[in-house]
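Enquirer: 3D model of this:
(chains A, B, C and D)
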There are 2 protein chains.
Amino acid sequence: MKKAAADRTGPRPGGRSARVQAAVHRAVLELQADAGEAELTVPAIAVQAGVTPSTIYRRWGTLSQLLSDVALENLRPEKAPEDTGSLESDLRLWLEQYLEEMASAPGRAMIRDVLRETLPGNASQCSAFTYAQIEHIHARALERGETPPPAEVLLERVIAPLMYRILFTPTPPTAEEARRLLDEVLKKPATVYQQK
Amino acid sequence: MKKAAADRTGPRPGGRSARVQAAVHRAVLELQADAGEAELTVPAIAVQAGVTPSTIYRRWGTLSQLLSDVALENLRPEKAPEDTGSLESDLRLWLEQYLEEMASAPGRAMIRDVLRETLPGNASQCSAFTYAQIEHIHARALERGETPPPAEVLLERVIAPLMYRILFTPTPPTAEEARRLLDEVLKKPATVYQQK
DNA sequence: TCATTAACGCATTTTATTTGCTTTAGTGGC
DNA sequence: GCCACTAAAGCAAATAAAATGCGTTAATGA
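Expert: Here you go, the predicted model:
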């Protein structure tokens, strides 16, 4: 093995392909910001990116797949969760930012986009990002000698309910709701289920 | 107000429109069963339904919207949850059937379909179906003098995690996992979080 | 039965997608 | 550094899907 053939996002990552990919991704973001969903078409993206449509069709196959890839790229965490000194505050800060990103209109659109692909690869990758972030906080807490809940538990009891609300209800969840879900996992009996 | 203009699924529900809608919906289901995703195109559906494509475009706008509508129709519960005599067994039986339907390949496809529409109406309706079913079991339990958890809690702690798994992971949740989630809400401390 | 009009069908136009072939430019061997 | 190789891009033509104008059909309510 002469070279690390791992982390290649696609074959032949060198110069041109990478430039085209970057240009197309950027074009999608620009059009998503400017125009409405109707104008977000492959030919329009091609023009914006300075590329021929057939290039996009051959590399991504469908608009859905392209949007899914772009969404995944933007859902990728840019930095590790901040270290605030304790498990509880680490999680609170991270969750607040997570919710803000995900529950916003662009965030909801990204989540919907990442789900619309044929193979479940991107969606699963998206969940893996979240898991890794939580796991990072978890590991740091362990080093401090704290007893953090497993990342799986946080995914199940905090992230999943928030995602459900984001995907299936007209009104996205609030920061208070996220906080309540987190507190319940962290065994703060102060906040309990509120009924209507 | 001369007539209840409510529950109309679309304007002019009478004869022909209803027939066209039924034919188109049936055509979608037939093609989904037979052919692959690539052949599921508006013109193909139109042929199968014995209708012109423009009819479909005018009524549904896009293929996504049509698929979303069809999915919602098939996610609509056909019957009220069975009465097995107790809250616990009612929920267990219902959840088992729910998971079987949702975690199957066609079920996952339906969920993805129902989510791909511009307005969040269908997705929210889908969640409302589930809520209503759980609420039905809840009401029955109250009549028996039991103390059932609110439907919201079941949505949050059982349905949401299952949906998360269905949407975001390659392997759908198992019946055992569903059972565990339910048991935790029903306060059976026998099953606890299992770590890898 | 009749007037009204929403919704459908048909034909045409516009737009998107696919495909065959050519050209460009990364990649690895020398 | 030069060269052969080939993945990926460009271009143009062909095919397929989506949108649209207009005439026709059939629900609807009087």
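Enquirer: in chain A, which residue is closest to the centre?
Expert: Centroid-nearest residue in chain A, with Cα atoms, centre = their mean: residue A:75, separated by 3.0 Å.
Enquirer: show me what contacts that one?
Expert: The contact partners of residue A:75, by Cβ atoms under 8 Å, 6 or more residues apart in numbering or on different chains, come to A:110, A:111, A:114, A:126, A:129. For every residue, glycine as well, the C-beta is placed using N, CA and C.
Enquirer: Run a quick neighbour tally on the second one.
Expert: This points to residue A:111. Look at residue A:111: counted by other Cβ atoms under 10 Å in any protein chain shown, it has 22 neighbours.
Enquirer: continuing past the strand or helix carrying it, what's the next helix or strand?
Expert: Residue A:111 is located in helix A:105-115, with elements delineated by DSSP states H and E. Counting by DSSP H and E, the next helix or strand C-terminal to helix A:105-115 is helix A:121-144.
Enquirer: Quick check: what element follows that next one along the chain?
Expert: The helix or strand immediately downstream of helix A:121-144 is helix A:151-154, counting by DSSP H and E.
Enquirer: The following helix or strand past that following helix and chain B in contact?
Expert: Where DSSP H and E defines the elements, the next helix or strand beyond helix A:151-154 is helix A:160-168. Yes: in terms of Cβ under 8 Å from any Cβ of the partner chain, part of helix A:160-168 sits within range of chain B, namely A:160, A:161, A:163, A:164, A:165, A:167, A:168.
Enquirer: Give the buried subset of those as a PyMOL selection command.
Expert: Entered in PyMOL, the line below selects the buried ones among those, by 16 or more other Cβ atoms under 10 Å in any protein chain shown:
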select buried, chain A and resi 160+161+163+164+165+167+168
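Enquirer: What is the neighbour count of residue A:52?
Expert: 12.
Enquirer: Which secondary structure element is home to the closest residue to it other than its chain neighbours?
Expert: Closest residue to residue A:52 apart from its sequence neighbours, by Cβ to Cβ, 6 or more residues apart in numbering or on different chains: residue A:46 at 6.0 Å. Assigned by DSSP H and E, residue A:46 belongs to helix A:42-49.
Enquirer: next one: phi and psi at residue A:180?
Expert: phi -60, psi -40 (degrees, to the nearest 10).
Enquirer: quick check: domain ranges of chain A?
Expert: As recorded under automatic domain parsing, the domains making up chain A are A:15-61, A:75-185.
Enquirer: The last one close to DNA strand C?
Expert: No: figure legend: domain A:75-185 not in contact with DNA strand C (Cβ under 7 Å from any atom of the strand); closest approach 12.3 Å.
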